[in-house]
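S.K.: using only what follows, build the 3D model:
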Amino acid sequence: MLKNKAVLTHGLVWLALLTVLFLVNVREHPDHAVILILLYGALNVIIFYIHYFVINPILIGMGRYWRAVGYIAIVLAVSIVVKYGIALYYDDIILQYRDSDGQQKILTPMQYMVAALISGLFFMLLSTAVYVISTNFRTREDRKNLETEKLNAELAFLRSQINPHFLFNSLNNIYSLAYKKSEKTPEAILKLSEIMRYMLYESNEETVLLEEEINYLKNYIELQKLRFKEKVHVDLHVDIEEAGRRIMPLLLISFLENAFKHGVSTDEHQPIRIDISVQNGRLYFKAENAKNQVNKDQTKGVGLTNLKRRLQLGYPDRHTINVVESENYYSSELFIYL
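M.R.: A predicted model of the protein is given here:
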């Protein structure tokens with residue numbers, strides 16, 4: 001794409017330049033304007049691109065200055081000879097001119113060659129300027145692409161850390177149900193199947209619909225509830241003004257994991273409270289719960305360290321995260337500008 005744009009830009013610039021030269025010369029030499037513009041235009045274009053593709057890489061890329069100077073001298077010498085040959089053929093147009101007094105004058109060979117030398121040097125300097133600008137632009141683009149690839153690779157790695165962590169915890173829960181020969185085991189396996197389907201197929205995208213992510217959280221909550229004999233109290237409140245908002249997948253699960261990790265509430269007066277809302281393009285997420293040492297999950301995972309890194313990569317300067325923890329209380333808040 002960038003290469004096609006560069007070719008188009010070069011073509012348009014040369015077309016505009018040759019058109020201007022044609023309009024300048026057509027009044028004085030209407031019969032030969034096209035021929036002269038094409039001849040001299042073609043020569044200058046050749047000088048430009050020989051310098052651009054052959055000499056500049058040697059001069060700037062390799063730093064072989066004397067070799068580059070030798071090539072420059074050869075190109076200038078050949079171009080001057082060719083231009084002077086054209087001037088001799090059209091001597092009445094090119095070599096003759098009128099001075100300020102209106103008298104007819106003729107350019108000497110030296111005068112014309114100096115003018116041709118200056119013209120050649122001008123297009124070489126122009127070529128060098130364009131080469132430096134283009135090289136710097138490509139370098140910035142390559143660096144940007146490299147950084148993007150690096151960020152994507154790091155995000156993929158962080159996301160891959162979540163899957164084994166979550167799977168490990170869930171399998172532990174199902175094992176516990178199966179060991180107790182609980183009737184909840186088939187339902188737990190079904191919930192895990194739905195969750196894994198989302199994680200394997202939906203979460204491979206860079207972003208997913210917020211509604212799908214919330215549905216994934218609901219399945220996770222239901223799976224967690226199946227672990228306990230007592231009724232687990234979770235108060236989930238969702239308020240989304242705008243449908244179709246998208247979010248990085250598997251971003252909010254760490255909050256839920258921490259809420260359940262610090263103890264599942266079987267007290268209806270102290271439920272795990274989860275608030276999710278979107279207003280004016282800003283996501284607000286809060287999970288809070290009273291700690292319960294009896295139902296505390298002892299497993300360790302990647303948790304908030306992983307989450308914070310993903311937020312830094314995916315939402316730089318567009319998020320705020322607050323975690324409050326005391327002896328008996330745990331709360332986590334997240335604000336994201338989607």
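S.K.: what packs against the longest helix seen in the chain?
M.R.: Longest helix in the chain, counting residues (DSSP state H): helix 109-179. When contacts are defined as 3 or more CB pairs under 8 Å, 6 or more residues apart in numbering; DSSP states H and E, helix 109-179 sits against helix 2-25, helix 33-50, helix 56, helix 65-89, helix 185-197, helix 210-225, helix 253-261, helix 303-314. Quick note: C-beta positions are derived from backbone N, CA and C, even for glycine.
S.K.: between helix 253-261 and that helix, find me the angle.
M.R.: 20 degrees (axes from the mean of the first three to the mean of the last three CA atoms, to 10 degrees).
S.K.: relative to helix 65-89, how tilted is helix 109-179?
M.R.: Using the same axes, to 10 degrees, helix 109-179 lies at 130 degrees relative to helix 65-89.
S.K.: quick check: angle from helix 109-179 to helix 303-314?
M.R.: Using the same axes, to 10 degrees: helix 109-179 against helix 303-314 is 150 degrees.
S.K.: right, and the helices and strands packed on helix 109-179 - which one's nearest residue 240?
M.R.: helix 210-225 (6.6 Å; CB to CB).
S.K.: what's the helix or strand that that closest one is followed by packed up against?
M.R.: Moving toward the C-terminus from helix 210-225, the next helix or strand (DSSP states H and E) is strand 234-240. Secondary structure elements in contact with strand 234-240, counted by 3+ CB pairs under 8 Å, 6+ apart, are helix 210-225, strand 272-279.
S.K.: mind redoing it with 6 Å?
M.R.: Where contact means 3 or more CB pairs under 6 Å, 6 or more residues apart in numbering; DSSP states H and E, strand 234-240 is packed against strand 272-279.
S.K.: got the buried residues for the strand it packs on?
M.R.: Across strand 272-279, burial judged by 16 or more other CB atoms under 10 Å covers 272, 273, 274, 276, 278.
S.K.: just name the shakiest helix or strand of the chain by mean pLDDT.
M.R.: Counting by mean pLDDT, DSSP states H and E, the chain has its least confident helix or strand at strand 96-98, which shows a mean of 64.
S.K.: paired strands for the helix or strand that it is followed by, with orientation please.
M.R.: On the C-terminal side of strand 96-98, the nearest following helix or strand under DSSP H and E is strand 104-106. Strand 104-106 has the following sheet partners, assigned by DSSP bridges: strand 96-98 (antiparallel).
S.K.: domain parsing of this protein, as residue ranges.
M.R.: 2-143, 182-337 (automatic domain parsing).
S.K.: and for residue 260, the neighbour number?
M.R.: Per other CB atoms under 10 Å, the neighbour tally for residue 260 reads 25.
S.K.: quick one: contacts for it?
M.R.: Applying CB atoms under 6 Å, 6 or more residues apart in numbering, we find residue 260 in contact with residue 224.
S.K.: quick one: secondary structure of the nearest residue to residue 290 once chain neighbours are set aside?
M.R.: Leaving out its chain neighbours, the residue that sits closest to residue 290 by CB to CB, 6 or more residues apart in numbering is residue 270, at 4.5 Å. Using DSSP: H, G, I helix; E, B strand; the rest coil, the structure places residue 270 in coil.
S.K.: from residue 288, how far out is residue 270?
M.R.: For residue 270, the distance to residue 288 equals 10 Å [CB to CB, to the nearest Å].
S.K.: kindly report the same for residue 311.
M.R.: Using CB to CB, one gets 19 Å for the distance from residue 311 to residue 288.
S.K.: just give me how far the helix or strand residue 286 falls within sits from the chain centre.
M.R.: For residue 286, the host element (DSSP H and E) is strand 282-290. Between the centre of strand 282-290 and the centre of its chain there are 30 Å (CA atoms, centre = their mean, to the nearest Å).
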